[in-house]
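> I need the structure of the sequence given here:
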Amino acid sequence: RLQTAKVVASQALRVTWDGFEICSCLMKEYEFAVLCDPSISSSKISVFHSTGLDTSAVITNGLVRSQLCNSSFQVQVRGWDECGLSSTATTTSIEFISYDAPRIVSIVDGNQATEDLDFSGNLSVLSATAIVEGCSDSCTFRCGLGVFPFSFGIAGLSGDWTVGIEWAAFDEPRAVVQCVFPVTLEEGGTYFSSLVIEYGDQELISSSNGVVIDSTPPLAGQVTVSIRDDFQSTVPVFVTSDSTLNVSWTRFHEPESGPCSFTVLIVASCEMDTWSQRLGSQAVLPGITDRVLVPLTPEHKLSHGATPCICVEAVNKASLSVHSCVRLEVDDAAPTSGTVTDGLQGFDAECQLSDSAVMASWHGFDSQLSPIILFEWAAGTCSFCTDIVERTKVSASTSSVQLELKQALSVNQVVWTSVRATNAAGLSAEAASNGVRIAC
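Predicted structure coming up:
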């Protein structure tokens, strides 16, 4: 026994069945086939499609067409039990109203069928894109725009539209319809696009979810760039051509169409006339809103002395953007080494009476482009060793005395001091003393 639902706009037909009796064996599966009415058209060899144990099937336009049926067909269902026995039931003749009755699959705000915009930053043009199936050349498309769904008070039933045809599943024709509305829009207003399809004496209509107008870009924030956590931020920020930049930002604000998405850009210069010369970009993953590491690579083509700019671009959901930038300066030249002496104020002692302190002074370290911002010194039982005094930061000082030693000093022991100078780009140079004898 078969039941059929009402055929609506010839899009699909659901067929259900029951009453297949089970004797001694359990029911294994059901299968169905489309049979053309032999009195109207000649059918291809029927192909049965399994539904497992489901007792319903959806008959599409494409499935009927694949059997070369004209306007009338039947559906036959066959039930199999586990003993290999079957029984069949067939519907009466079913007539589709029209193979080409259309259906509006979707309508979205924007000019991409795959993306539905919630916000737009354009005060003079709105667009909507719809996907339509099952429409023939006899269809007429009309577009409308209003402040409510299915309303046309702003743009009426008019608009520019273009149609491109592609083929979807089941050989159904699919059209992409785009509506463009050159109108004056209000900031903060919500607008709904509608599409009307006329075919014969019938009409279909569908409306978008609506788009909010936000023509105000986000508020610019503050960007900080560093190459080491122990370096203070400077302007410009000195880097090498292969530095890894710690880029952080705050105070970007979007009250309407937020939250923003962020992209870190590397541009050739901070000057406005060359700002568009992008050397690289790195999109920030969703959920990361204030910090990212950006490695500089040879692909950025940064050379010694270059002054690129690193910018954080914030884009709101209306596709409006704002940038905040920090100027960089590339320094690939390490500092030149200086002189380290075993004593204070440049005095180089050959021996010292104290066995409880180590002292050193240094001079002559230089960096041509970026300044030297950090000195570190150490002392040990060999040149550049650190087993007596651990490497210690002394900022910009040029001498130091250490009373707390890692090991006691002995008579006639020789101690060497060493210094490492680091410039603002993170490059360093080292030098060691010629050694001092203890308690000589």
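> run through the stretch 151-300 of the chain and note the low-pLDDT ranges.
155-174, 272-276 (pLDDT under 70).
> cool, and the stretch 1-150 of the chain?
Residue ranges of the stretch 1-150 of the chain with pLDDT under 70: 1-13, 22, 37-46, 60-71, 93, 95-101, 136-138.
> where do the strands sit along it?
For the stretch 1-150 of the chain, the strands defined by DSSP state E, counting those that start in this stretch cover 2-4, 12-17, 27-36, 49-52, 56-60, 72-81, 86-90, 94-95, 103-109, 119-120, 125-133, 140-146.
> can you redo those as CSV with distance to residue 385?
No exception for glycine: its C-beta is placed from N, CA and C like everyone else's. Formatted as CSV, the strands of the stretch 1-150 of the chain follow (distance: least, CB to CB, whole Å):
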stretch, distance to residue 385
strand 2-4, 93
strand 12-17, 83
strand 27-36, 82
strand 49-52, 78
strand 56-60, 82
strand 72-81, 87
strand 86-90, 91
strand 94-95, 95
strand 103-109, 69
strand 119-120, 63
strand 125-133, 71
strand 140-146, 79
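> out of the ones you listed, the one nearest residue 332 is which?
Across the strands of the stretch 1-150 of the chain, the minimum distance to residue 332, taken as CB to CB, is reached by strand 119-120, at 44.3 Å.
> contacting residues around that closest one?
With contact meaning CB atoms under 8 Å, 6 or more residues apart in numbering, strand 119-120 is reached by 109-110, 126, 211-214, 256-257, 316-319.
> could you report the neighbour count for residue 264?
By other CB atoms under 10 Å, 21 other residues sit near residue 264.
> which among the strands of the stretch 1-150 of the chain is found nearest to residue 243?
That would be strand 119-120 among those, by CB to CB, at 37.0 Å.
> can you tell me the closest non-neighbouring residue to residue 421?
residue 365 (4.0 Å; CB to CB, 6 or more residues apart in numbering).
> correct me, but the one you found touches residue 428?
No - Residue 365 is not in contact with residue 428 according to CB atoms under 8 Å; the separation is 9.6 Å.
> those two - which one has more neighbours?
The residue with more neighbours, out of residue 365 and residue 428, is residue 365; 23 against 18, by other CB under 10 Å.
> wait, what's in contact with that one?
By CB under 8 Å, 6+ apart, residue 365 lies in contact with 335-338, 372, 375, 419, 421, 429, 431.
> how close does it get to residue 376?
11 Å (CB to CB, to the nearest Å).
> tell me, what's touching the two both at once?
Counting by CB under 8 Å, 6+ apart, the shared contacts of residue 365 and residue 376 are residue 419.
> now the contacts of residue 365 in CSV, with neighbour count?
As requested, those are exported to CSV (neighbours: other CB atoms under 10 Å):
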residue, neighbour count
335, 23
336, 13
337, 18
338, 18
372, 18
375, 22
419, 28
421, 26
429, 18
431, 19
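> for residue 150, state which of those is nearest.
Among these, residue 372 lies closest to residue 150 (CB to CB), at 71.3 Å.
> pretty sure that closest one contacts residue 363?
No - look at residue 372 against residue 363 with CB under 8 Å: they stay out of range, at 11.7 Å.
> follow-up on the earlier one: what touches both of residue 365 and residue 428?
Contacts common to residue 365 and residue 428, judged by CB under 8 Å, 6+ apart, are 335, 421.
> what is the neighbour count of residue 14?
13.
> one more: residue 268?
As a burial measure, residue 268 scores 18 neighbours (other CB under 10 Å).
> what helix or strand is residue 185 on?
Counting by DSSP states H and E, no helix or strand carries residue 185.
> correct me, but it touches residue 121?
No - contact status for residue 185 versus residue 121: not in contact, 10.4 Å apart, counting by CB under 8 Å.
> give me every residue that touches residue 384.
Contacts for residue 384 (CB under 8 Å, 6+ apart) come out as 378, 416, 418, 430, 432.
> go again with 7 Å.
Residues near residue 384 by CB atoms under 7 Å, 6 or more residues apart in numbering: 418, 430, 432.
> and what of residue 118?
Residues in contact with residue 118, defined by CB under 7 Å, 6+ apart, are 211-212, 317.
> let's have those in TSV, adding distance to residue 396 and neighbour count.
Below are the contacts of residue 118 laid out as TSV (distance: CB to CB, whole Å; neighbours: other CB atoms under 10 Å):
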residue	distance to residue 396	neighbour count
211	58	25
212	55	18
317	48	19
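> separation between the residue nearest to residue 295 when sequence neighbours are not counted and residue 317?
Nearest non-adjacent residue to residue 295, counting by CB to CB, 6+ apart: residue 244, 4.7 Å away. Relative to residue 317, residue 244 is positioned 31 Å away (CB to CB).
> can you name the residues bridging to residue 49?
residue 32 (DSSP bridges).
> what about it, neighbour count?
If you count neighbours by other CB under 10 Å, residue 49 ends up with 12.
> quick one: it from residue 59, how far?
Distance from residue 49 to residue 59, counting by CB to CB: 10 Å.
> what do you get for residue 221?
To residue 59, residue 221 is 58 Å away according to CB to CB.
> out of these two, which sits in the more crowded spot?
With neighbours defined as other CB under 10 Å, residue 221 and residue 59 compare such that residue 59 has more, 21 against 18.
> pretty sure that one sits against residue 15.
Yes - between residue 59 and residue 15 there is a contact at 6.2 Å, judged by CB atoms under 7 Å.
> common neighbours of these two, please.
Here residue 59 and residue 15 share the contacting residues residue 75, scored by CB under 7 Å, 6+ apart.
> what about residue 151, helix or strand, and which?
For residue 151, there is no helix or strand it lies in under DSSP H and E.
> so how far is stretch 405-416 from its chain's centroid?
59 Å (CA atoms, centre = their mean, to the nearest Å).
> may I see the buried residues of it?
Buried residues in stretch 405-416, defined by neighbour count with 16 or more other CB atoms under 10 Å: 405, 409, 413, 415-416.
> pull out the buried positions in stretch 381-401.
Residues 385-386, 388-389, 398-400 are the ones in stretch 381-401 that count as buried (16+ other CB under 10 Å).
> before we move on, what about stretch 302-314?
For stretch 302-314, by 16+ other CB under 10 Å, it's 302, 306, 308-314.
> out of the residues you listed, the closest to residue 347 would be?
For those, the closest approach to residue 347 (CB to CB) belongs to residue 306, at 42.4 Å.
> doesn't that closest one lie inside a strand?
No - with DSSP: H, G, I helix; E, B strand; the rest coil as the criterion, residue 306 is located in coil rather than a strand.
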